[in-house]
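>>> here is the input, now give the coordinates:
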Amino acid sequence: MLFSLEIYCKFEFTNVNCTSNQKEIAEFEYCYLKSINRSYKYISGKVKLYEIPLSRITVNLIMWKRFNGYKPFLYNITVDFCKFLDKPKSSPVGKFIYDSYMNYSNVNHSCPFTHDIILEKLPISIMNYRMTKILPFPEGDYLFEFRWLRAKSIVGWAKVFFTIS
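Model (predicted):
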């Protein structure tokens with residue numbers, strides 16, 4: 001007998017935490033995970049920019065996996081965000097992450113930024129597809145930490161916690 005076995009993974013947001021470190025430059029107006037029902041959750045956030053135009057920003061992305069506490073896992077990349085927006089293929093990992101949220105954000109143009117930055121209703125379904133079908137990750141608890149830096153000083157960071165089961 002022949003049996004066909006299909007393995008199905010599930011991505012789920014578990015928490016989000018955003019912090020502004022230099023409130024004179026930028027501040028989170030809101031940052032939350034909203035659960036509508038058991039199967040529909042989304043992340044939303046808004047960063048108010050006080051120093052406009054914002055043209056020099058570096059993003060550091062660190063991926064963590066939980067093994068007796070969170071430990072670095074696979075990625076720790078830093079990109080000049082303005083250069084990245086001009087040439088997204090310069091960082092394949094950055095492009096994968098950017099493509100995951102770009103349709104839900106107003107960060108869809110090159111620098112400088114002269115307006116607040118918004119991520120509105122990024123659903124689990126998009127991330128589930130990208131993290132289990134396109135680039136499958138092993139089961140576990142993870143954390144994506146985004147740090148925004150200006151002149152090597154942290155302006156703010158966002159921590160997105162999720163589980164793949």
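
>>> okay, and the closest residue in space to I117 that isn't next to it in sequence sits in which element?
Excluding its sequence neighbours, the residue lying closest to I117 (Cβ to Cβ, 6 or more residues apart in numbering) is V47, at 4.4 Å. Backbone N, C-alpha and C define where each C-beta goes, glycine included. Secondary structure from DSSP states H and E places V47 in strand 41-49.

>>> pLDDT score for the spatially closest residue to P53 that is not a sequence neighbour?
Once flanking residues are discounted, P53 sits nearest to P112: 3.5 Å by Cβ to Cβ, 6+ apart. Note for P112: predicted pLDDT of 87.

>>> burial measure for P112, as a count.
13 (other Cβ atoms under 10 Å).

>>> same question, S100
Neighbours of S100 (other Cβ under 10 Å): 18.

>>> swap in S91?
So S91, with other Cβ under 10 Å, has 19 neighbours.

>>> that one touches T78, doesn't it?
No - counting by Cβ atoms under 8 Å, S91 does not reach T78; the two are 9.3 Å apart.

>>> show the contacting residues for L49.
Going by Cβ atoms under 8 Å, 6 or more residues apart in numbering, L49 touches 25-26, 113, 115-117.

>>> equivalent analysis for K71, please.
By Cβ under 8 Å, 6+ apart, the neighbours of K71 are 64-65.

>>> now the strands for this structure?
11-20, 26-35, 41-49, 58-66, 70-80, 117-123, 140-150, 153-164 (DSSP state E).

>>> rebuild these as TSV, extending it with distance to M102.
Formatted as TSV, the strands of the chain follow (distance: least, Cβ to Cβ, whole Å):
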stretch	distance to M102
strand 11-20	18
strand 26-35	18
strand 41-49	14
strand 58-66	14
strand 70-80	15
strand 117-123	10
strand 140-150	14
strand 153-164	16
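
>>> ok, residues contacting the lowest-mean-pLDDT helix or strand in the chain?
The helix or strand of the chain with the poorest confidence is helix 124-129; it has a mean of 88 (mean pLDDT, DSSP states H and E). Helix 124-129 is touched from outside by 9-13, 39-42, 100, 103-104, 162, with contacts defined as Cβ under 8 Å, 6+ apart.

>>> perfect, that will be all.
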